[in-house]
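*Asks:* Sequence plus the predicted model coming up.
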Amino acid sequence: MKKSRISERVIQRFAILVTASVVASLDAGAQAAPALSRAVPAAPQWPAKTYTALVASESVDRVAVVELGPQGARVVRQHDVGVMLADPDGPHGVAVEPGGGYYYVTTAHGTPYGVLWKFDSRTNAYVDQVMLGNFPATAQVTPDGRRVVVVNFNLHGDMVASDVSVVRTDTLQEIARITTCAMPHGSRVNRAGTRHYSVCMMDEQLVEIDLDGLQVARHFLLTKGMEQGMSGAPPIRGAADAAHTGHEMGGHGLAQPAAGSTQCSPTWAQPSPDDRTVWVACNGTSDLVEIDVASWTLRRRLPAGNGVYNLAVTRDGTKLVASNKRGQSVSVIDTKTGATLVTLPTQRRVVHGVAITDDDRYAFVTVEGVGSEPGTVEIIDLLALRTMARVDVGQQAGGIDVLPPR
């Protein structure tokens, strides 16, 4: 399909804008208010300024713009992403440029491969797109705004090593595709913009990519009791080791592991703001692995929620917010002591992504929902340590990012 036809199609689909708002007071025993004005909680008050999050809903090919501000929390705009009519394109990852001018969305179910889309943040207008690998998922823009790094998760392909795409933001040209491991996921770039970290859901590894040399630098084995770091490219295990490691991908991290299992089944990598450590979510063992970057050794393992899945860290480095996929909850963890400050239940099941506002005040968390349920964005006050609002969005809400203040 030519780019002109794709642009025309996307513009037509953007013309259908749906405005919806679902705001609830979440005090114990409170009922959902029928009008926004009646939904304002007595404490804490709604913020004086407006925060904006972008949420991808995979089952309905839609991105929602969610605002939290003086009027409460609500969906203010929605637009479709993708071009396939017979089958969902499946928007999965969302990544905002540091300056906030543009954002990027991965659609995982392309034909034959997935696509990275570029949009204008102010108008949500389509700008450009590029085809990547099989099932592109988590994405992040480097701190200098020059590149987008995307993992090609390869969910529906053979259990073989997949790769990570590096794309220029100005031309939307893929400049590298770096082979890593089976089912790379949960990818994040360090604050300096020099290293990229992703985990291998089927290979028990954390992989570090040198973004200057565009090659794998080191890998780290995450299996409990066998933790160790190594330099160079990771061994390719893939299908031959899938049965050996005992991974069960049904539900993407929802399956309960066997009792006594030591398999990490990693789902997310999160560098600390000072670039000294990397936290890994071990979905299988329901704990966090903290790795010292300089020595490339295990620093500690921390208990986490049941089926810990995705992570985000505050910019001051004091709090780690974790979604617990099997536990139907979100945990806020003190990074210094490792203590869980609070675990908050979510309204619906299949908790997914986390994004934190630039001032470290709020966390936006996506919940996919089950069956015909809508997806949900749960908004957590990180000072009061409580859920202050829930907003319904499209089904299977997953990827999320927040816009910088304007």
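*Replies:* Cool, got the structure.
*Asks:* in the protein, which spans are helices?
*Replies:* Per DSSP state H, the chain carries helices over the ranges 3-14, 239-245.
*Asks:* Show me what the mean pLDDT comes to for the first one.
*Replies:* Just to be clear, that refers to helix 3-14. The average pLDDT within helix 3-14 is 40.
*Asks:* just the shortest one next, same as before
*Replies:* Looking at helix 239-245 alone, the average pLDDT works out to 39.
*Asks:* Start at 43, not 1
*Replies:* Yep, numbering from 43; the last one is helix 281-287 now.
*Asks:* List the contacts of the residue sitting nearest the centre point of the chain.
*Replies:* Residue closest to the mean C-alpha point of the chain, counted by CA atoms, centre = their mean, is residue 395 at 4.4 Å. Residues in contact with residue 395 (CB atoms under 8 Å, 6 or more residues apart in numbering) are 352, 365, 407-408, 439-442. Glycine gets a C-beta too; all of them are placed from N, C-alpha and C.
*Asks:* Same list (those) but as a markdown table, adding neighbour count and pLDDT.
*Replies:* Output for those, formatted as a markdown table (neighbours: other CB atoms under 10 Å; pLDDT from 0 to 100):
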| residue | neighbour count | pLDDT |
| --- | --- | --- |
| 352 | 29 | 98 |
| 365 | 31 | 98 |
| 407 | 29 | 98 |
| 408 | 30 | 98 |
| 439 | 31 | 95 |
| 440 | 26 | 95 |
| 441 | 26 | 96 |
| 442 | 26 | 98 |
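*Asks:* Of the residues you listed, which is the nearest to residue 138?
*Replies:* Proximity of these to residue 138 (CB to CB) peaks at residue 442, which lies at 10.0 Å.
*Asks:* hang on, isn't that closest one packed against residue 409?
*Replies:* No: applying CB atoms under 8 Å, one finds residue 442 not in contact with residue 409, separated by 10.5 Å.
*Asks:* shared neighbours of these two, which are they?
*Replies:* Contacts common to residue 442 and residue 409, judged by CB under 8 Å, 6+ apart, are 394, 419.
*Asks:* ok so, going back, quick one: which of the contacts of residue 395 sit in strands?
*Replies:* Members of the contacts of residue 395 lying in strands (criterion: DSSP state E): 352, 365, 407-408, 439-442.
*Asks:* Serialize the contacts of residue 395 to a markdown table and add fields for distance to residue 173.
*Replies:* Output for the contacts of residue 395, formatted as a markdown table (distance: CB to CB, whole Å):
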| residue | distance to residue 173 |
| --- | --- |
| 352 | 26 |
| 365 | 29 |
| 407 | 30 |
| 408 | 26 |
| 439 | 25 |
| 440 | 21 |
| 441 | 18 |
| 442 | 24 |
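*Asks:* mind listing what the residue nearest to residue 446 when sequence neighbours are not counted touches?
*Replies:* Spatial nearest neighbour of residue 446, chain neighbours left out: residue 142 (4.3 Å); criterion: CB to CB, 6 or more residues apart in numbering. By CB under 8 Å, 6+ apart, the contact set of residue 142 is 163, 445-446, 448.
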